[in-house]
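Undergrad: build the 3D model from these lines:
(one chain, ligands or ions: 1)
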Amino acid sequence: MAERLPIAAPPGDASDAARLRFRDPQRARALAGRLRELADRRSHDPVSLMHVCGSHEQAIARFGLRGLFPPSLRVIMGPGCPVCVTDVPEVDEAVALARQGIPIATYGDMLRVPGSAQSLADARAEGATVHVVYGVDAAVALARETQGDLVFFASGFETTAVATAAALLAGPPANFSVLSAHKYIPPVMEIVAEMPDTRIEGFLAAGHAATITGWGVFERFVLRHRLPVVVAGFEPLDILAGLVQLLELVLEGRPRVVNAFPRCVTREGNARAQETLWRVFRPMGGQWRGIAHVPSGNLRLREEWAGFDARRRFEIDASELRDRAPAGLAAACRCGDIMAGLASPADCRLFGRECLPASPVGACMVSSEGTCRIQHEYQGHPRWEAAP
Ligand code: SF4
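TA: So this is what the prediction gives:
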């Protein structure tokens, strides 16, 4: 089922020259021309394709690829930003722990994600201890340096969850625990595909996640929903070539999985990483912010890891935060509709007005991988002057 792209570099060739081959303007123009030619074959509604990865959206924005897409093609960012889909009660748990005096370590993007009444940044401003770390290893190192408890508020998809799992398997100190908000991408594609108003005709899947899961993980989805999936990398030519292949499959009515990132992704994926992931985590149903309950979409620690599970180690009472939730702007946030492909940031009346990167109302404006944040940064709105 997998197909090779003509632009593929020799395996292991990581030189600048090889990287630049994936940014060749001439090839990009040729692929953009092919996209236009294909999309224009559609005489009625535009073709709607969805990618589920903030890194894809960042690359599309950074390299100005959207300007190459023809009007008859809509490329929509789905629920591909892990910070954006971290649900309000999950943020509340972290804030409640911080307010109870338990030091928290988390990624910088998670700091300003709004909970019911507060973000972790708000809690920190009121005296709670919240550390920003670049990875789980730094959180473990912090725990080793201290006597008291340290909770790592862990977010991210399966790529990041593997790192959290590896840290637990490596034997962290006893004062370390994990509050998992990790999510698993394949099940949410099912949810989007089943939404009654969806017009998505094919999915561009994230190459980095597929290096772990393998592209074979999408075969069941394709069989079930009769929608094609193309796994793509993150260089401009990777994305353009992936979209060309996806558009061809849509127009030819051939639902199948194509691996357009063969220099990194195999059908089976990384068996060792999968074993690491599933030894520590189990999938369970949970709410993704603004989208829906996603069966098997949340990754939670297995019973064997209860001693490192902050939810079982501490009494977390977030009721006070829920009671204090202010009515107001947040109700107008359309993050969920945007991530489901049913609206765009421009459809939100707060976009670029009350909701800005410096004062986000919704999670999609917080993360550098959020649709609203990316569109605000790259599409003609004044650049954010404050430090990220
Ligand atoms: Fe939500 Fe802000 Fe985006 Fe509107 S602009 S959908 S309030 S994050």
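Undergrad: from here on, just use CA atoms for contacts and neighbour counts.
TA: OK.
Undergrad: return the residues in contact with Leu68.
TA: By Cα atoms under 8 Å, 6 or more residues apart in numbering, Leu68 lies in contact with Ala32.
Undergrad: how much space between it and Arg74?
TA: According to Cα to Cα, to the nearest Å, Leu68 and Arg74 sit 11 Å apart.
Undergrad: show the pLDDT at whichever residue of the stretch 51-200 of the chain sits closest to the ligand.
TA: Using Cα to the nearest ligand atom, the single residue of the stretch 51-200 of the chain nearest to the ligand is Cys84, 8.6 Å away. Predicted confidence (pLDDT) for Cys84: 91.
Undergrad: separation between it and Gly352?
TA: 17 Å.
Undergrad: so between these two, which is more surrounded?
TA: A direct count of neighbours by other Cα atoms under 10 Å for Cys84 and Gly352 places Cys84 higher, at 30 against 19.
Undergrad: re earlier: the residue of the stretch 51-200 of the chain closest to the ligand belongs to a helix?
TA: Yes - assessed with DSSP: H, G, I helix; E, B strand; the rest coil, Cys84 lies in a helix.
Undergrad: what ranges does the stretch 151-300 of the chain have for its strands?
TA: Here the stretch 151-300 of the chain has its strands, by DSSP state E, counting those that start in this stretch, at 176-182, 202-206, 229-232, 257-259, 281-288, 292-301.
Undergrad: distance from the chain centre to the third one, please.
TA: A distance of 16 Å separates the centroid of the chain from that of strand 229-232, by Cα atoms, centre = their mean, to the nearest Å.
Undergrad: quick one: average pLDDT of that strand?
TA: Mean predicted lDDT for strand 229-232 stands at 98.
Undergrad: note down every partner strand of that strand and its orientation.
TA: strand 202-206 (parallel), strand 257-259 (parallel) (DSSP bridges).
Undergrad: tell me which of these lies nearest to the ligand.
TA: So among these, strand 202-206 is nearest, using Cα to the nearest ligand atom, at 22.1 Å.
Undergrad: what sits up against the closest one?
TA: 48-53, 56, 227-233, 242-243, 246-247, 250.
Undergrad: before we move on, the earlier item: possible to save the strands paired with strand 229-232 as CSV with mean pLDDT and distance to Ala121?
TA: Below are the strands paired with strand 229-232 laid out as CSV (pLDDT from 0 to 100; distance: least, Cα to Cα, whole Å):
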stretch, mean pLDDT, distance to Ala121
strand 202-206, 96, 30
strand 257-259, 97, 41
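Undergrad: please tell me how far the residue in the stretch 151-300 of the chain that the ligand sits nearest to sits from Cys333.
TA: Here the residue of the stretch 151-300 of the chain nearest the ligand is Gly290; by Cα to the nearest ligand atom that distance is 9.7 Å. Distance, Gly290 to Cys333, by Cα to Cα: 9 Å.
Undergrad: one more: His51?
TA: 21 Å.
Undergrad: same drill for these two, tell me which one is more crowded.
TA: A direct count of neighbours by other Cα under 10 Å for His51 and Cys333 places His51 higher, at 28 against 21.
Undergrad: contacting residues around the more buried one?
TA: His51 touches Glu57, Val75, Ile76, Met77, Gly78, Gly80, Phe203, Leu204, Ala205, Ala206, counting by Cα under 8 Å, 6+ apart.
Undergrad: return the member of these nearest to Trp305.
TA: Of all the contacts of His51, Trp305 sits closest to Gly80, with 27.5 Å by Cα to Cα.
Undergrad: that closest one sits in which helix or strand?
TA: Assigning secondary structure by DSSP states H and E places Gly80 outside every helix and strand.
Undergrad: how about the residues of the protein near the ligand?
TA: 333-335, 345, 348, 350-351, 355, 360-365, 372 (Cα under 6 Å from any ligand atom).
Undergrad: in helices only, show me the residues you listed.
TA: Cys335, Cys372 (DSSP state H).
Undergrad: closest one to Leu168 out of the residues of the chain next to the ligand, please.
TA: Closest approach to Leu168 among the residues of the chain next to the ligand (Cα to Cα): Ala363, at 28.2 Å.
Undergrad: and the closest residue to that closest one other than its chain neighbours, how far from Thr266?
TA: The shortest distance from Ala363 to any non-neighbouring residue, by Cα to Cα, 6 or more residues apart in numbering, is to Cys84 (4.7 Å). Cys84 is 29 Å from Thr266, where distance means Cα to Cα.
Undergrad: ok, the residue lying closest to Ala163 once chain neighbours are set aside - contacts?
TA: In space, and not counting its chain neighbours, Ala163 is closest to Val136: 7.0 Å by Cα to Cα, 6+ apart. Each residue near Val136 by Cα under 8 Å, 6+ apart is listed here: Phe152, Ala154, Ala163, Thr164, Ala167.
Undergrad: could you pull up phi and psi at Val136?
TA: Main-chain dihedrals, Val136, degrees, to the nearest 10: phi -60, psi -30.
Undergrad: per-residue pLDDT of it, please?
TA: So, for Val136, pLDDT stands at 98.
Undergrad: same thing with the one 4 residues further on?
TA: Per-residue confidence (pLDDT) for Val140: 98.
Undergrad: do I have it right that it meets Phe176?
TA: Yes - between Val140 and Phe176 there is a contact at 6.7 Å, judged by Cα atoms under 8 Å.
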